[in-house]
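# Give me coordinates for this.
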Amino acid sequence: MCGRFTLTSNSDELQGRFGFPSEFTDSEFIDHGPRYNIAPTQAVLTVTNDGQRRGEVMRWGLIPFWAKDLKVGARMINAVGETVSTKPAFRAAFKKRRCLVLANGFYEWKKDGRRRLPTYIYSKNSEPLAFAGLWETWKSPEGPVVRSCTIVTTFANSFIEPLHNRMPVILSGETQALWLDPLTEDPANLEPLLIPAPEDLLTSHRVAETVNSVKNRGPELILPLSEGDLEANSDSRLFP
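Numbers count the residues shown, from 1 in each chain. So this is what the prediction gives:
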């Protein structure tokens, strides 16, 4: 699963790494500052390809074209990779409307009684990540057009599994091109991409429970807990 993530890289790094033009029309979105607690229904940065890569800001939570209102999107923040080619809400987008959802890391939680203890997960080399995504265009009955997206998930690798049984599909530089290729529609070519990232790609550390509230948005959210905090709050052996 992926229910909360970060995007902290600046526009130059993201544009250079993911190949969308520097004249990205929503550049103020990423130049506004780092984001440490991106939540469902908020704006996220994606990369699409209609013959040319484009950076696009979309609403997180895919709204199918047939939805009666945008509230549906809050239940579609993730798409299960094993069924994405057949599920009615996602199958058309899987063939024709794929994107990258850009992030620097994501959060996962371990239950401890009534508490939810968060861990921040990110690349070992601190480089930004590209989640496999799908997008749709939805027109509100009132007139506004909304572009929305979902993050495709797969079963967890051995690194993530102690925290959760699923994780976002993280595409490598090589697989990003195929995922975005507008001429590729055959599920037989796309489904092999929907696999867990290598165990040695990621690292993690425990963070404070303040990230549990979407109202908290500062850089302190990704700071590692001290050894003293870990001993006082939980059994750190439960966490990678």
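# in this structure, which ranges drop under the pLDDT threshold?
The model of the chain has pLDDT under 70 over residues 23-32, 228, 230-240.
# As a check, name the ranges of all strands in it.
With DSSP state E as the criterion, the chain has strands at 5-7, 35-38, 43-49, 53-60, 78-80, 98-103, 105-112, 115-123, 129-139, 145-155, 166-168, 202-206.
# Could you export the ones you listed as CSV, including mean neighbour count and distance to Ala92?
(Each C-beta comes from the backbone N, C-alpha and C, glycine too.) Output for those, formatted as CSV (neighbours: other CB atoms under 10 Å; distance: least, CB to CB, whole Å):
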stretch, mean neighbour count, distance to Ala92
strand 5-7, 23, 25
strand 35-38, 21, 26
strand 43-49, 22, 15
strand 53-60, 20, 16
strand 78-80, 20, 12
strand 98-103, 26, 11
strand 105-112, 19, 26
strand 115-123, 20, 31
strand 129-139, 22, 8
strand 145-155, 22, 13
strand 166-168, 23, 21
strand 202-206, 18, 31
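# Now distance to Lys71 too, for those, in CSV please.
Converted to CSV, the strands of the chain look like this (distance: least, CB to CB, whole Å):
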stretch, distance to Lys71
strand 5-7, 22
strand 35-38, 19
strand 43-49, 17
strand 53-60, 12
strand 78-80, 16
strand 98-103, 21
strand 105-112, 24
strand 115-123, 24
strand 129-139, 11
strand 145-155, 12
strand 166-168, 23
strand 202-206, 33
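# Mind checking those for the one nearest to Glu185?
Nearest to Glu185 among the strands of the chain is strand 98-103; the distance by CB to CB comes to 9.8 Å.
# Strand 145-155 and that closest one, what's the angle between them?
Counting by axes from the mean of the first three to the mean of the last three CA atoms, to 10 degrees, strand 98-103 points 80 degrees away from the direction of strand 145-155.
# chain center to strand 98-103, what's the gap?
Strand 98-103 has its C-alpha centroid displaced from the chain centroid by 7 Å (CA atoms, centre = their mean, to the nearest Å).
# residues making contact with that strand?
5-7, 9, 14, 18, 38, 44-48, 56, 58, 60, 128-135, 149, 151, 171, 176, 179-180, 190 (CB atoms under 8 Å, 6 or more residues apart in numbering).
# can you rerun that using 7 Å?
Residues outside strand 98-103 that contact it (CB atoms under 7 Å, 6 or more residues apart in numbering) are 5-7, 14, 18, 44-48, 128-131, 133-135, 149, 151, 171, 176, 179-180.
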